[in-house]
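Chemist: Sequence unavailable; structure follows:
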């Protein structure tokens, strides 16, 4: 587990980008207010994209420029995500950051042959702990 303050997260994101490459699926897991959307905000900044990032809780997906898709599947779960037709977007060569990913989504991704990185975010005092696991 890598533990860091929000202002130190950029280095972790750079490490993740080296491992993931020019595009990929990143699953974000963590309790409410653990920092999933904050991670996406910092991820977008590291890519040099200058946009306002907000959680797509009701819209399910926000797209930032033509390189990042940010999903929040909390409201409708994986079934709603599948029914929305957005699952097919995962084939696009972009970064796909999915908040509230669960084991069901992981099993579907594995069955379909998708490579992904899972990041579990835990609150550790005034910092966050990040456990990164690559599906390779």
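Modeler: Thanks, I have the structure now. It should be emphasised that the depicted structure is a prediction, and the values quoted were computed from it without experimental measurement.

Chemist: Let me see the contact set for the residue minimising distance to the centre of the chain.
Modeler: By C-alpha atoms, centre = their mean, the chain has its centre lying nearest to residue 97, at 2.8 Å. Taking C-beta atoms under 8 Å, 6 or more residues apart in numbering, we find residue 97 in contact with 26, 28, 39, 40, 43, 68, 69, 70, 71. All C-beta atoms are positioned from the backbone trio N, CA, C, and that covers glycine.

Chemist: Looking at these, which are in strands?
Modeler: Residues of these located in strands (DSSP state E): 26, 28, 68, 69, 70, 71.

Chemist: And for the fourth one, the neighbour number?
Modeler: Neighbours of residue 69 under the rule other C-beta atoms under 10 Å: 20.

Chemist: show me the contacts for the residue lying closest to it once chain neighbours are set aside.
Modeler: Once flanking residues are discounted, residue 69 sits nearest to residue 96: 4.9 Å by C-beta to C-beta, 6 or more residues apart in numbering. Contact analysis of residue 96 by C-beta under 8 Å, 6+ apart lists 24, 25, 26, 69, 71, 89, 90.

Chemist: What's the PyMOL line that selects buried ones from those residues?
Modeler: Buried residues within the contacts of residue 96, by 16 or more other C-beta atoms under 10 Å, are selected in PyMOL with:
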select buried, resi 24+25+26+69+71+90
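
Chemist: Now that we're looking at the residue lying closest to residue 46 once chain neighbours are set aside, what pLDDT does it have?
Modeler: With C-beta to C-beta, 6+ apart as the criterion, residue 46 has its nearest non-adjacent residue at 4.6 Å, and that residue is residue 13. Residue 13 is assigned 96 on the pLDDT scale.

Chemist: For residue 13, give me its contacts.
Modeler: Applying C-beta under 8 Å, 6+ apart to residue 13 gives the contacts 39, 42, 43, 46.

Chemist: so where's the protein shaky on pLDDT?
Modeler: 136 (pLDDT under 70).

Chemist: Alright, calling it a day.
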